[in-house]
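**Q** dropping a prediction and its sequence here:
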Amino acid sequence: MAQAAEQMLEFNFEGVKNPNEYIELIKMFLRPSEFRVSDGGTGVSPPEALLSGGDKNAVKRFLFDYLVSACGLAERKPEWGILTGVRPVKLFGELAAAKGRDAALALMKDAYYLSDKKIELVSRVCGFQREHTAPPPQGSVGLYIGIPFCPTRCEYCSFPSNQSPYSEIEAYLEALNKEILFVSTEMEKKGLFAETIYIGGGTPTTLCEQDLDALLELVNTCFKTEGLSEFTVEAGRPDTLTDGKLDSMKRRGVKRISINPQSMNEETLAAIGRDHSAGDVVQAFRIARQAGIPVINTDLIAGLPGEDATGFERSLGEIIELGADNITIHTLAVKRAARLKENDAEYNYNRAGDAALMLETAGRELDKAGYEPYYLYRQKQTAGNLENTGYAKDGRFCLYNIRIMEENQTIIALGAGASSKAYFPEENRLERVFNVSNYEIYIQRIQDMLERKKRLLFTPSVQG
Ligand code: SF4
């Protein structure tokens with residue numbers, strides 16, 4: 001969205017508490033090289049009356065209006081208005097519950113400055129969730145298990161992803177098994193059960209057939225109960241899938257897998273460092289269907305290097321044709337840890353226009369093909385500050401994805417880089433409990449990790 005202003009813009013945030021959220025808003029309009037923030041001086045400063053009023057949104061609206069005018073964007077305002085947060089659907093749902101749907105719609109427009117299109121999207125997602133989900137059952141938790149290994153590293157990757165020798169993967173699984181056993185014992189003591197299980201990464205299907213089967217068997221033994229309603233395994237790289245792994249997933253009760261090509265264009269796949277072809281994706285779909293996996297999700301990314309809107313639309317058409325049950329459209333986020341950032345520090349800004357066009361195309365084409373938007377979140381540093389949206393066909397959505405955005409259920413996360421969220425219902429608040437992200441340190445310090453979980457997660461007031 002950033003438009004080059006005529007000159008460097010200066011903001012004076014002297015005496016402003018927590019200026020970071022305001023700086024995030026400024027970054028929606030301006031590249032970091034186009035503005036300066038000082039603690040005094042003659043830069044633009046929110047009026048004292050707004051600052052002392054304590055209404056952050058009023059300060060944001062002031063900055064938004066100023067930036068729209070300074071950047072000449074009256075006709076192309078940032079579509080998410082003053083919202084810089086990750087969960088606009090949750091905000092809308094809370095407003096609708098407190099004040100009614102019409103008032104919530106009006107607030108989205110007048111107080112948060114969202115465009116009509118984004119208001120419609122948020123309200124559709126919220127409506128879908130209302131219709132298809134009930135509040136989390138008493139005593140339920142979401143369970144996440146991380147496998148931080150992939151065959152190669154994608155250029156845009158900022159996740160825990162390692163290309164490690166087999167001996168290290170084995171050592172990791174040994175530590176992870178300890179954590180699985182520990183968590184299942186603690187859950188049992190507290191009368192908690194898994195409503196959803198999500199094995200993510202990395203790419204869990206990087207594991208060999210034998211290791212994947214052993215992991216799934218252990219997960220079944222420890223967590224498979226009557227209350228379990230969804231079991232997902234990410235199989236992001238199609239070239240990691242085999243008949244043996246699919247058979248094992250089917251036998252162990254996996255209901256949903258994710259085959260995530262991100263693009264179906266061969267040049268794009270090569271440019272982002274994937275070691276597979278579009279043909280591998282077609283083959284992965286074929287064998288997954290043959291194996292009887294009920295739900296297949298596919299992720300595509302808008303804004304990949306060298307890919308234009310026509311190429312994106314072609315990929316989307318091929319995925320729709322393959323019959324994916326869920327299609328998640330991500331906007332490329334290029335974070336500090338991504339190799340892509342080294343070549344183009346302002347990539348997010350440079351691809352903003354293309355990404356917006358791609359999301360519009362995706363919404364239109366998926367609508368035509370009978371998919372409904374069912375969950376949505378935003379991330380920092382996406383091209384154009386745009387969103388990620390999951391679409392589902394015939395009501396086959398991913399409950400784990402919805403729960404994690406609602407933030408009203410404890411999420412217990414296991415493995416290197418996993419971040420658990422303890423939910424305290426009386427205070428309606430979450431507390432995060434982190435595992436270390438480096439898998440070698442995770443192996444060395446597994447005992448510390450378990451003790452930390454015991455202390456912070458399995459305390460009497462935490463509830464499913
Ligand atoms: S598949 Fe995902 S986790 Fe693995 S390298 Fe690519 S972006 Fe990272």
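**A** Nice, I can see it.

**Q** when you work out contacts or count neighbours from here on, use the C-alpha atoms and nothing else.
**A** Will do.

**Q** give me every residue that touches the nearest residue to Ile287 once chain neighbours are set aside.
**A** Distance criterion Cα to Cα, 6 or more residues apart in numbering; nearest residue to Ile287, sequence neighbours excluded, is Asp243 at 6.6 Å. The contact partners of Asp243, by Cα atoms under 8 Å, 6 or more residues apart in numbering, come to 287-288, 291.

**Q** ok, so of the residues you listed, who is nearest Glu24?
**A** Nearest to Glu24 among the contacts of Asp243 is Ala288, at 42.0 Å by Cα to Cα.

**Q** secondary structure element for Tyr374?
**A** If you go by DSSP states H and E, Tyr374 is part of strand 371-378.

**Q** what's the angle from the very next helix or strand once past that strand to strand 371-378?
**A** The first helix or strand that comes after strand 371-378 along the chain, using DSSP H and E, is strand 387-393. Calculated by axes from the mean of the first three to the mean of the last three Cα atoms, to 10 degrees, strand 387-393 forms an angle of 150 degrees with strand 371-378.

**Q** okay, strand 387-393 in CSV with CA atoms only?
**A** Taking Å, rounded to 0.1, in the frame of the first residue of the first chain, the C-alpha atoms of strand 387-393 are listed here in CSV:
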residue,chain,number,x,y,z
GLU,A,387,-5.0,-11.2,5.0
ASN,A,388,-5.0,-15.0,4.9
THR,A,389,-8.3,-16.7,4.3
GLY,A,390,-9.3,-20.3,4.5
TYR,A,391,-12.2,-21.5,2.2
ALA,A,392,-14.2,-24.7,2.7
LYS,A,393,-16.4,-26.7,0.4
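
**Q** which single residue in the stretch 351-464 of the chain comes nearest to the ligand?
**A** The minimum distance from the stretch 351-464 of the chain to the ligand, using Cα to the nearest ligand atom, falls at Gly417 (11.8 Å).

**Q** on that earlier part again, find me the pLDDT at the residue nearest to Ile287, would you?
**A** Per-residue pLDDT puts Asp243 at 97.

**Q** can you pick the most crowded of the contacts of Asp243?
**A** Neighbour tally across the contacts of Asp243 (other Cα atoms under 10 Å): the maximum, 24 neighbours, falls on Ala288.

**Q** find the nearest non-adjacent residue to that residue, please.
**A** Closest residue to Ala288 apart from its sequence neighbours, by Cα to Cα, 6+ apart: Leu246 at 6.4 Å.

**Q** element containing the one you found, please.
**A** Here Leu246 is assigned to helix 243-251, by DSSP H and E.

**Q** and that helix, which residues are buried?
**A** Buried residues in helix 243-251, counted by 16 or more other Cα atoms under 10 Å: 245-250.

**Q** make JSON lines out of those and add distance to Ile443.
**A** Listed next are the buried residues of helix 243-251 as JSON lines, based on distance: Cα to Cα, whole Å:
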{"residue": "Lys245", "distance to Ile443": "25"}
{"residue": "Leu246", "distance to Ile443": "28"}
{"residue": "Asp247", "distance to Ile443": "29"}
{"residue": "Ser248", "distance to Ile443": "26"}
{"residue": "Met249", "distance to Ile443": "26"}
{"residue": "Lys250", "distance to Ile443": "29"}
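
**Q** of those, list those near the ligand.
**A** Taking Cα under 6 Å from any ligand atom as the test, the ligand is in contact with none of those.

**Q** which one of those residues is nearest to Lys17?
**A** Among the buried residues of helix 243-251, Met249 lies closest to Lys17 (Cα to Cα), at 50.8 Å.

**Q** for the closest one, what are its contacts?
**A** Taking Cα under 8 Å, 6+ apart as the criterion, Met249 is in contact with 213, 216.

**Q** distance of it from Lys178?
**A** As judged by Cα to Cα, to the nearest Å, Met249 and Lys178 stand 21 Å apart.

**Q** name the element Glu313 belongs to?
**A** helix 309-322.

**Q** buried residues in that helix?
**A** Within helix 309-322, the residues scored as buried using 16+ other Cα under 10 Å are 309, 311-313, 315-317, 319-320.

**Q** Arg396: which of those residues is nearest?
**A** Nearest to Arg396 among the buried residues of helix 309-322, counting by Cα to Cα, is Ile320 at 14.6 Å.

**Q** chain neighbours aside, what residue packs nearest to that closest one?
**A** Spatial nearest neighbour of Ile320, excluding adjacent residues (Cα to Cα, 6+ apart): Ala369 at 7.4 Å.

**Q** could you verify my assumption that that neighbour touches Glu321?
**A** No. Ala369 is not in contact with Glu321 according to Cα atoms under 8 Å; the separation is 9.5 Å.

**Q** surely Glu195 is in a helix?
**A** No. Per DSSP: H, G, I helix; E, B strand; the rest coil, Glu195 lies outside any helix segment and is strand.

**Q** and the nearest residue to it once chain neighbours are set aside, what does it touch?
**A** Setting aside the residues directly before and after it, Glu195 is nearest to Leu228 in space (Cα to Cα, 6+ apart), at 4.4 Å. Leu228 makes contacts with 193-197, as judged by Cα under 8 Å, 6+ apart.

**Q** name the SS class of Leu228, please.
**A** Using three-state DSSP, the structure places Leu228 in coil.

**Q** quick one: it and the ligand, what's the gap?
**A** Using Cα to the nearest ligand atom, to the nearest Å, one gets 26 Å for the distance from Leu228 to the ligand.

**Q** how close does that residue get to Ile411?
**A** Here Leu228 is placed at a distance of 14 Å from Ile411 (Cα to Cα).

**Q** next secondary structure after the helix or strand hosting Glu21?
**A** Using DSSP H and E, Glu21 maps to helix 20-27. Per DSSP H and E, the first helix or strand lying C-terminal to helix 20-27 is strand 35-38.

**Q** what comes up buried for the very next helix or strand once past that next one?
**A** The first helix or strand that comes after strand 35-38 along the chain, using DSSP H and E, is helix 48-53. Residues Leu51 are the ones in helix 48-53 that count as buried (16+ other Cα under 10 Å).

**Q** packing partners of the very next helix or strand once past helix 48-53?
**A** Proceeding N to C from helix 48-53, the next assigned helix or strand is helix 56-70, under DSSP H and E. Contacts defined by 3 or more Cα pairs under 8 Å, 6 or more residues apart in numbering; DSSP states H and E place helix 56-70 against helix 20-27, helix 48-53.

**Q** chain center to the first one, what's the gap?
**A** Average the C-alpha atoms of helix 20-27, do the same for its chain, and the two points are 21 Å apart (Cα atoms, centre = their mean, to the nearest Å).

**Q** before we move on, what about stretch 295-302?
**A** Offset of stretch 295-302 from its chain centre (Cα atoms, centre = their mean): 12 Å.

**Q** ok, residues contacting it?
**A** Here stretch 295-302 makes contact (Cα under 8 Å, 6+ apart) with 255-263, 312, 316, 319, 324-332, 354-355, 358-359, 396.

**Q** domains in this structure, by residue range?
**A** Following the assignment in automatic domain parsing, the chain carries domains at 1-77, 79-132, 140-412.
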